[in-house]
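Enquirer: Fold the following, please.
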Amino acid sequence: MKKTSVPRLVAPKPFIQRPAPVTGLLAPERFMKIVGAVLFVAALVLPFISATPYLISILTSAMIYIVLAMGLNVVVGYAGLLDLGYIAFMAVGAYTSGILTTQFGLSMLETIPFVVIACIIAGIVIGGPTLRLRSDYLAIVTLGFGEIIRITANNLKITGGPSGIHGIPTWSFFGWSFADGLDIGGIHFGPKILFYYFVLIVGIGLAVVAVARLGKGKLGRAWKSVRDDEDVSEAMGINGYTTKLAAYIIGAVWGGFAGTLMAGHLSAISPNSFEFLYSALVLMAVVLGGMGSTPGVIIGALFVSLAPEFLREFSEWRFLLFGVLLVVAMIFRPQGIWPANAVLPFLKKREIPEIPPTAAVGVVGVDDDYEGEVYEGSDAPAATADDEEGKR
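Expert: Below you'll find the model as predicted:
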């Protein structure tokens with residue numbers, strides 16, 4: 001009987017070789033990490049250069065804005081949920097810490113677990129029934145919930161009503177408070193400078209690093225999949241509702257932490273501090289900087305918080321100039337100042353080799369050197385029409 005050999009199918013080889021990833025200091029990701037580290041060190045050194053109360057105060061407020069914008073970036077930038085009432089979570093965190101410190105005698109550090117629990121509950125209560133909506137409908141509902149939180153705080157006795165809560169203490173740790181100051185190496189650090197360092201190290205370091213890591217992880221990829229196309233992501237096995245709810249809860253916790261920082265910074269809060277305008281400003285920081293981009297959100301938050309201060313000398317014209325700058329920025333950079341896929345032009349990029357000219361090849365996918373199973377006579381498997389077509 002005649003013996004026949006069945007060839008083994010193998011994957012075709014690529015026509016071009018994949019270029020090796022860029023290494024060294026000019027690799028885009030490593031370069032941005034170095035720039036971030038340099039800016040962080042510069043912020044640490046700044047109080048030794050100029051420590052005026054005005055400068056330290058506006059920089060502390062700007063950093064709190066960064067923490068707030070990083071939380072909204074999870075909701076809007078990663079998950080694609082248009083939230084117009086995000087300032088409500090900041091109000092929940094601020095009022096929770098303010099009530100517990102002024103009426104129950106807890107320290108700011110001891111209020112953190114209660115703030116987290118309150119923000120999780122608020123995220124579930126607000127996001128649970130609304131996240132099944134999409135686009136404009138979701139934006140309108142979140143705007144309504146933001147106003148409900150503000151009006152509720154304006155009418156409750158425990159929140160102080162329209163007058164708010166005053167006399168909120170600064171942060172303290174095991175009996176020592178920022179108000180006591182600190183002397184290191186003959187240098188005196190006042191309470192404002194200590195709080196500035198606390199917001200910089202704990203707030204900015206924790207918020208930026210944690211959100212950036214979340215965006216690169218499995219949950220972050222699920223958020224971006226739901227943002228790009230929720231129907232396709234659900235077809236691939238991702239539960240869109242729970243994924244969006246997780247983003248909403250994490251964003252709520254970040255907003256509550258920013259509210260706690262703001263309460264400790266200003267020592268007084270009122271319902272007027274949580275109007276819709278502030279939700280719009282934080283959303284503006286995310287969109288202006290670049291949705292889903294960590295450097296872009298930081299740039300946008302700094303621009304939104306510091307630009308009115310730099311334009312203060314123009315008196316009542318400063319907000320008009322601020323609006324003009326925003327319009328100009330969105331005309332020339334509609335995708336944001338620093339989009340998520342932005343790469344500095346002077347950084348090295350991988351060079352993609354040219355595709356070589358097409359040459360005559362044999363049967364694609366057949367390994368001619370394979371000496372595998374051998375069949376005799378009728379034991380050989382019947383060749384299908386596709387196999388015959390492939391041989392031809």
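
Enquirer: And the longest helix seen in the chain, what does it pack against?
Expert: When the chain is parsed with DSSP state H, its longest helix is helix 240-266. On a contact count with 3 or more C-beta pairs under 8 Å, 6 or more residues apart in numbering; DSSP states H and E, helix 240-266 meets helix 53-72, helix 87-103, helix 108-130, helix 205-216, helix 218-228, helix 230-235. To be clear about C-beta, it is placed using only N, CA and C from the backbone, and glycine gets the same treatment.

Enquirer: Kindly compare burial across these and name the winner.
Expert: Among the helices and strands packed on helix 240-266, the stretch with the highest mean neighbour count (mean count of other C-beta atoms under 10 Å) is helix 87-103, at a mean of 25.

Enquirer: any idea of the angle that one forms with helix 53-72?
Expert: Using axes from the mean of the first three to the mean of the last three C-alpha atoms, to 10 degrees, the direction of helix 87-103 lies 120 degrees away from that of helix 53-72.

Enquirer: same for helix 87-103, what does it pack against?
Expert: Secondary-structure packing of helix 87-103 (3+ C-beta pairs under 8 Å, 6+ apart): helix 108-130, helix 135-155, strand 165-166, helix 240-266, strand 268-269, helix 276-289.

Enquirer: Quick check: which of the helices and strands packed on helix 240-266 is nearest to Leu277?
Expert: helix 87-103 (8.7 Å; C-beta to C-beta).

Enquirer: Make CSV out of the helices and strands packed on helix 87-103 and add mean pLDDT and distance to Leu182.
Expert: Listed next are the helices and strands packed on helix 87-103 as CSV, based on pLDDT from 0 to 100; distance: least, C-beta to C-beta, whole Å:
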stretch, mean pLDDT, distance to Leu182
helix 108-130, 89, 17
helix 135-155, 86, 34
strand 165-166, 89, 26
helix 240-266, 90, 16
strand 268-269, 88, 24
helix 276-289, 85, 32
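
Enquirer: Single out the most deeply packed of those.
Expert: Most buried of the helices and strands packed on helix 87-103, by mean neighbour count (mean count of other C-beta under 10 Å): helix 240-266, with a mean of 24.

Enquirer: Turn the helices and strands packed on helix 240-266 into a markdown table, including distance to Ala37.
Expert: Converted to a markdown table, these look like this (distance: least, C-beta to C-beta, whole Å):
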| stretch | distance to Ala37 |
| --- | --- |
| helix 53-72 | 16 |
| helix 87-103 | 28 |
| helix 108-130 | 27 |
| helix 205-216 | 11 |
| helix 218-228 | 22 |
| helix 230-235 | 35 |
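
Enquirer: quick one on the thing from earlier: now tabulate the helices and strands packed on helix 87-103 in a markdown table and tack on distance to Val324.
Expert: What follows is these, written out as a markdown table (distance: least, C-beta to C-beta, whole Å):
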| stretch | distance to Val324 |
| --- | --- |
| helix 108-130 | 34 |
| helix 135-155 | 25 |
| strand 165-166 | 37 |
| helix 240-266 | 28 |
| strand 268-269 | 31 |
| helix 276-289 | 14 |
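
Enquirer: Quick one: closest of the ones you listed to Ser172.
Expert: The closest approach between Ser172 and any of these, judged by C-beta to C-beta, belongs to helix 108-130 at 6.7 Å.
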